[in-house]
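In: My questions concern the predicted model and sequence given below.
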Amino acid sequence: MENHPLLLMFFFFFFSVLCFHHVADSTTIGSCDQCHRTKERDITKSRIRNYPDEKDVDIIATYSDASGHIRLARLKMRDLSDSWVWESPTNANTEHQNNSQGGMESLQIDSIFEDSLKHSTDEHYPEESLVQIPHSSLMTPVKIKRRMMRLKRRKARTSELIQQNKETDNRIVSAAIERSKGFDTTVKGKYSIWRKEYENPNSDSTLKLMRDQIIMAKTYTNIAKSMNKTGLYKALVNHSRASQLAIGDANSDAELHTGALDWAKAMGHALSIAKDRLYDCILVARKLRTMLQSTENRVNIQKKRSAFLIQLAAKTFPRPLHCLSLQLAGDYYLKGYHKKENIGNEKIDNPSLYHYAIFSDNVLAASVVVNSTVLNANEPEKHVFHIVTDKLNFAAMRMWFIINPPSKATIDVQNIDDFKWLNSSYCSVLRQLESARLKEYYFKANHPSSLSAGSDNLKYRNPKYLSMLNHLRFYLPEVYPKLDKVLFLDDDIVVQKDLTPLWSIDMKGMVIGAVETCKESFHRFDKYLNFSNPLISNNFSPDACGWAFGMNMFDLKEWKKRNITGIYHRWQDLNEDRTLWKLGTLPPGLITFYNLTYPLDRGWHVLGLGYDPALNLTEIDNAAVVHYNGNYKPWLDLAVSKYKPYWSKYVVFDNPYLQVCNLSE
């Protein structure tokens, strides 16, 4: 009988669990000691309002009274307040578990939601079966409903993002398809668009391999020698020599020796042995770095030598041209032309005609300038050419135009040594050329600006700067005192159109007409002048546009009015130590004619045929004058081949003098 209360309590507890499981699959357990007095009176109106559809379920609750006896109470589920919580029947005996279990149940709910989303994209389930919310001791009906709403919002947002992602993928695919339509599918074997040398991955692979092997062999040879590995050293040297002989002057696999591949295999075997015996990462890296520095030094030396040789080839008088001058000069004296004085010609000083000034010591070049101008002139009888040369070439120049007179045009050949007014007391350049400092600059190899100091200043040591023919353009009024306008032409130009419209251009009071050469930031005054010197920076703008000598119209009346020669002398005297500009005629020309230059249309004068192989051929064909400024003159083997026909078509190669001197196209 002592155990009767315990048995009774167990019976009622078991009965209450079975009853509720049968009706609602869950049980409510209350812990309030006053529920017996209040459950039947206090009905929560809010629960009725919030859950009108809930079934009225009978619940039998057990509790202990104040004396410790077990009591039973019968109540309805709708009579419970919101403070009561649901408990899973599986957890009925674990009412004292830690609160952490609620967090685990929350994570389980989230995982169920995530798993359900994986299937939602492919299958459509009823809303009730999409997410199963387990009953938790920490979850009230309100919280469960909120959780359901959150899960629905997550599902909607996920569906929206998936749809956006699909649309983005569709746009990317469409763009890729459109772009692929423009691909050139006929090009085969190109696996890398940024390395041209690998356009064909199988081309010249053997040659490249052998060259790489030679480099590594040199590296291991140095290491073997330093470690006294005599046998390995000799083997690597022999293999290197064999590979170099096999390569020779080959530029492709097709040019290699037939046994080159066998030698490459033998070299590979030797390098494999050397790597096993000698390889040390730090040591090999040091040797390769030394080889790289040595190669860079050799490249720099070769660049200097190349620059010197190009200058030498460009400025040295070619043998055929020297032969031409000798043949003409010999016949000039043998045939007695030197005894015949020039017959006065009224056209020479007639200001109403078209006058050209050509200062040259190259007979063939001067003849091309005259021939091209006359052949393209509408009225060749109105054109007068004033050619000034030096004493050495005066006889040859005069002889050429005596036996090859241009059709109807007038030729006047003069010797610069006959200009008695051109002396060191009047001419600043002549005075400077006679100075000891300038002679040291030109004729002493140990001068700081010599080849050993770099190739940048090499062009300024050009012997042409010692010739007064190059500076005579600044004395045009003294050379031609009776003329009003003169068109100056260099001897490295070719005329392709009639130039007479140049004399009718109104230059608006300017002294010189020239084609400007500045494009964006190129060829402006700061390229030619030293703006770190106050004399330059205070008088000129560094952004002023440069222009070209070579085809220039001079108004000699305005020249005399503005005393241009005096301005030129002043600036030449200030530049005696060459601190304002380097030697040459363009920098002093820019200074002398500053704000006195009339810009001609670019179609009159196209430059660059003597140094730029990428000029627009259409512009060259449409130009009135093309200029071979630069080292690659058209009469030299250095000439750009595609530009040479513009010049050679005005050379009469069947002339007996040219044939004797082997001058041909």
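Out: Everything's here; your move.
In: C-alpha from now on. contacts and neighbour counts both.
Out: Will do.
In: Can you tell me how far Leu245 is from Lys265?
Out: Distance, Leu245 to Lys265, using Cα to Cα, to the nearest Å: 15 Å.
In: err, Asp331, not the other one
Out: In terms of Cα to Cα, Asp331 sits 68 Å off from Lys265.
In: Neighbour count: these two, which is higher?
Out: Neighbour tally, Asp331 and Lys265, criterion other Cα atoms under 10 Å: the higher count belongs to Asp331, 15 against 12.
In: How about the contacts made by the more buried one?
Out: Shown in contact with Asp331 (Cα atoms under 8 Å, 6 or more residues apart in numbering): Met399.
In: how would you label it: helix, strand or coil?
Out: Under the three-state scheme (DSSP: H, G, I helix; E, B strand; the rest coil), Asp331 adopts helix.
In: quick one: average pLDDT of stretch 303-321?
Out: Mean per-residue pLDDT for stretch 303-321: 80.
In: buried sites along that stretch?
Out: For stretch 303-321, a neighbour-count test (16 or more other Cα atoms under 10 Å) marks Lys304, Ala307, Phe308, Gln311, Ala313, Ala314, Pro320, Leu321 as buried.
In: low pLDDT regions in this protein?
Out: 1-138, 179-204, 342-344, 436-466, 520-522 (pLDDT under 70).
In: quick one, strands of it?
Out: 58-64, 70-76, 354-359, 383-389, 410-415, 485-489, 493-495, 512-514, 551-555, 597-599, 605-606, 625-627 (DSSP state E).
In: Figure out which of those strands is closest to Lys649.
Out: strand 493-495 (10.1 Å; Cα to Cα).
In: distance of Glu478 from Phe419?
Out: In terms of Cα to Cα, Glu478 sits 9 Å off from Phe419.
In: try Leu161
Out: 92 Å.
In: and what of Asn238?
Out: Applying Cα to Cα to Asn238 and Phe419 gives a distance of 70 Å.
In: Please parse the chain into its domains.
Out: 205-315, 319-661 (the TED database).
In: re the thing from before, who has more neighbours out of Glu478 and Phe419?
Out: Remark: of Glu478 and Phe419, Glu478 carries more neighbours, 15 against 11, as counted by other Cα under 10 Å.
In: before we move on, back to that, need the domains of the chain in a markdown table (columns: distance to Arg150).
Out: Formatted as a markdown table, those follow (distance: least, Cα to Cα, whole Å):
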| stretch | distance to Arg150 |
| --- | --- |
| domain 205-315 | 62 |
| domain 319-661 | 64 |
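In: Any idea how many residues pack against Lys347?
Out: Around Lys347 there are 19 residues (other Cα under 10 Å).
In: Report the contact partners of it.
Out: Counting by Cα under 8 Å, 6+ apart, Lys347 has contacts Leu353, Val384, Thr410.
In: export stretch 173-180 as PDB, just CAs?
Out: Output of stretch 173-180 as PDB, limited to C-alpha atoms (Å, rounded to 0.1, in the frame of the first residue of the first chain):
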ATOM      1  CA  VAL A 173      26.000  33.200 -74.100                       C
ATOM      2  CA  SER A 174      24.300  35.400 -76.700                       C
ATOM      3  CA  ALA A 175      27.200  37.900 -76.600                       C
ATOM      4  CA  ALA A 176      29.800  35.100 -77.000                       C
ATOM      5  CA  ILE A 177      27.900  33.700 -80.000                       C
ATOM      6  CA  GLU A 178      27.800  37.200 -81.700                       C
ATOM      7  CA  ARG A 179      31.500  37.700 -81.100                       C
ATOM      8  CA  SER A 180      32.400  34.200 -82.400                       C
END
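In: Make 16 the first number, not 1, from now on.
Out: Okay, residue one is now 16; in that scheme the one you just asked about reads as stretch 188-195.
In: Buried ones in it, by neighbour count?
Out: By 16+ other Cα under 10 Å, stretch 188-195 has no buried positions at all.
In: quick one on the thing from earlier: out of the strands of the chain, which comes closest to Asn266?
Out: Distance to Asn266, taken as Cα to Cα, is lowest for strand 640-642 among the strands of the chain, at 35.7 Å.
In: Next, the distance between the ends of stretch 508-528.
Out: Stretch 508-528 has an end-to-end distance of 17 Å (criterion: Cα to Cα).
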